[in-house]
Every structure is written in C-alpha cells, then in structure tokens.
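*Asks:* Give me a model of this one.
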Amino acid sequence: MSTISVFDMAGKQVSETELNDEIFGITPNEAVMHAMVVNYLANQRQGTQSTLTRTEVSGGGRKPWRQKGTGHARQGSTRAPQWYHGGVALGPKPRDYRYALNKKVRRLAMKSALSTKVLDNNMIVLDALALDSYKTKTIADMLKALGVEGKALIVTAEADAKVIKSAANIPGVKTAAVNTLNVYDILNYDKFIVVKNAVGKIEEVYA
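*Replies:* Predicted coordinates:
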C-alpha cells in the first residue's frame, strides 16, 4: 500500500491515506488506454451524417442525349455523380459507430489511467468537498489554494449539484461522480482531484 497526502479546501495537508496498489500502483498499459480512448470517442459520435445517392436526387428521368453521334461522352442520367445536382457516389449514410470492449480491458484501462495520475504526481486527494451554496468563487479559491493550473477533473463519490454548478463556469474544470468516471476524462485533464470518500468507492468498484 502506498500513501498519498490529503488536503483540505484551504490547501493545507491534514492527513495521509493509503492507496490500493492494485488500482493506483500498477504499471500503466498504454496500448489498452489508447484502445479505451478510441472506443470512448467512437461511442460519442452521432453518426447522423447523410448524403443523397443518385436514386434520391431529383431529375434524370430520361437520357440527356442520344448514345452516339453528338461528340459528347455517353450519358444515361443527369442523376449521375459527375453531373451538377447529381447524386453522391459512396457518400456517408447514417450509421452507429458504437462498439464494446470486454470487461477486463475496460478495468485494466481504468487502473492504468489512475496509476498514471499517481505516477505523474497529478492526483490530489481532498478530505471533503462540501459547499453551503452555489458559489463559483469557492471552487476557484480551492483550486488556487491547491496550486492547480490548467485543466482539472474533480471527482466526488456521488453527484453533487452544488459542486457541479459551482465549477461549471470555470474554464477547463469538469466534475464527475465515481459512476460516471471514464478513462478519456482522467487522461484529458491535467489534475485529478478526488474526494477521499470517492477514493474508497473507486477501490470498491475496481478491486
């Protein structure tokens, strides 16, 4: 078991906590993390792009000119792709880009991403994150006290409306509950700020 410092919202170290090395201390597998990120981005695609084929555009009810003797190339329809307002050849049609990775790959990718943050000293553990009201300044002051610059992901054990809305107006800051955590967000944000009780929940889920 490795240990990590625990800070309060004022940026002061208040204690230390142990991390499960099977989750936060493995050798990161870059290939698996890459596969998970590609899968996540593919699953976000709407797949609603569409073009009209030659069977769907208007016109082309008859042959534009006779087959021979005109000096022009032979043409059968003005719906053909080379014609203005013709159909698109091999264009995209609505499709579902979603695909699934197996459970072992997903778990290994998550453990690798979490371990990466610990190895790079980009994981910050908070003893608690409690807001009395919806106030962006409280979150901004906390980030400043913790010395966080750039993009940051704040993770709570459960969805907290006050935390979510208070952080929403800060550029580069995103909030997530443990049950919505994904590899892409962990790797995409510079700092991984997680509440202490959320660490325990992560260890329960991925142990």
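
*Asks:* where do the helices sit along the chain?
*Replies:* 21-24, 30-44, 103-119, 136-145, 161-167, 183-188, 196-206 (DSSP state H).

*Asks:* Please tabulate these in TSV, including the columns distance to L90 and mean neighbour count.
*Replies:* All C-beta atoms are positioned from the backbone trio N, CA, C, and that covers glycine. Formatted as TSV, these follow (distance: least, Cβ to Cβ, whole Å; neighbours: other Cβ atoms under 10 Å):
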stretch	distance to L90	mean neighbour count
helix 21-24	46	17
helix 30-44	21	16
helix 103-119	33	19
helix 136-145	49	16
helix 161-167	44	17
helix 183-188	31	20
helix 196-206	43	18
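
*Asks:* Output those in CSV, with mean pLDDT appended to each entry.
*Replies:* Listed next are the helices of the chain as CSV, based on pLDDT from 0 to 100:
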stretch, mean pLDDT
helix 21-24, 95
helix 30-44, 97
helix 103-119, 97
helix 136-145, 95
helix 161-167, 95
helix 183-188, 97
helix 196-206, 93
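
*Asks:* Just tell me which of these ends up closest to K68.
*Replies:* K68 sits nearest to helix 30-44 of all the helices of the chain, at 50.4 Å, using Cβ to Cβ.

*Asks:* what's the angle from the closest one to helix 103-119?
*Replies:* Angle of helix 30-44 versus helix 103-119, following axes from the mean of the first three to the mean of the last three Cα atoms, to 10 degrees, is 110 degrees.

*Asks:* Against which helices or strands is helix 30-44 packed?
*Replies:* In terms of contacts (3 or more Cβ pairs under 8 Å, 6 or more residues apart in numbering; DSSP states H and E), helix 30-44 is packed against helix 103-119, helix 183-188.

*Asks:* Figure out which of those helices is closest to G69.
*Replies:* helix 183-188 (62.4 Å).

*Asks:* Contacts for the closest one next, please.
*Replies:* 33, 36-37, 40-41, 109-110, 112-114, 116-117, 151, 153, 174, 176, 192 (Cβ atoms under 8 Å, 6 or more residues apart in numbering).

*Asks:* before we move on, back to that, export the helices of the chain to CSV and append columns for distance to G69.
*Replies:* Putting the helices of the chain into CSV (distance: least, Cβ to Cβ, whole Å) gives the following:
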stretch, distance to G69
helix 21-24, 78
helix 30-44, 53
helix 103-119, 65
helix 136-145, 77
helix 161-167, 73
helix 183-188, 62
helix 196-206, 76
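
*Asks:* Find the residue at the geometric middle of this protein.
*Replies:* Taking Cα atoms, centre = their mean as the criterion, Y184 is the residue nearest the geometric centre of the chain, at 4.3 Å.

*Asks:* picking up where we left off before, out of the helices and strands packed on helix 30-44, which comes closest to A73?
*Replies:* With Cβ to Cβ as the criterion, A73 lies closest to helix 183-188 of the helices and strands packed on helix 30-44, at 50.4 Å.

*Asks:* In contact with the residue nearest to A100 when sequence neighbours are not counted, which residues?
*Replies:* Nearest residue to A100, sequence neighbours excluded (Cβ to Cβ, 6 or more residues apart in numbering): N39, at 7.7 Å. By Cβ under 8 Å, 6+ apart, N39 lies in contact with 99-101.
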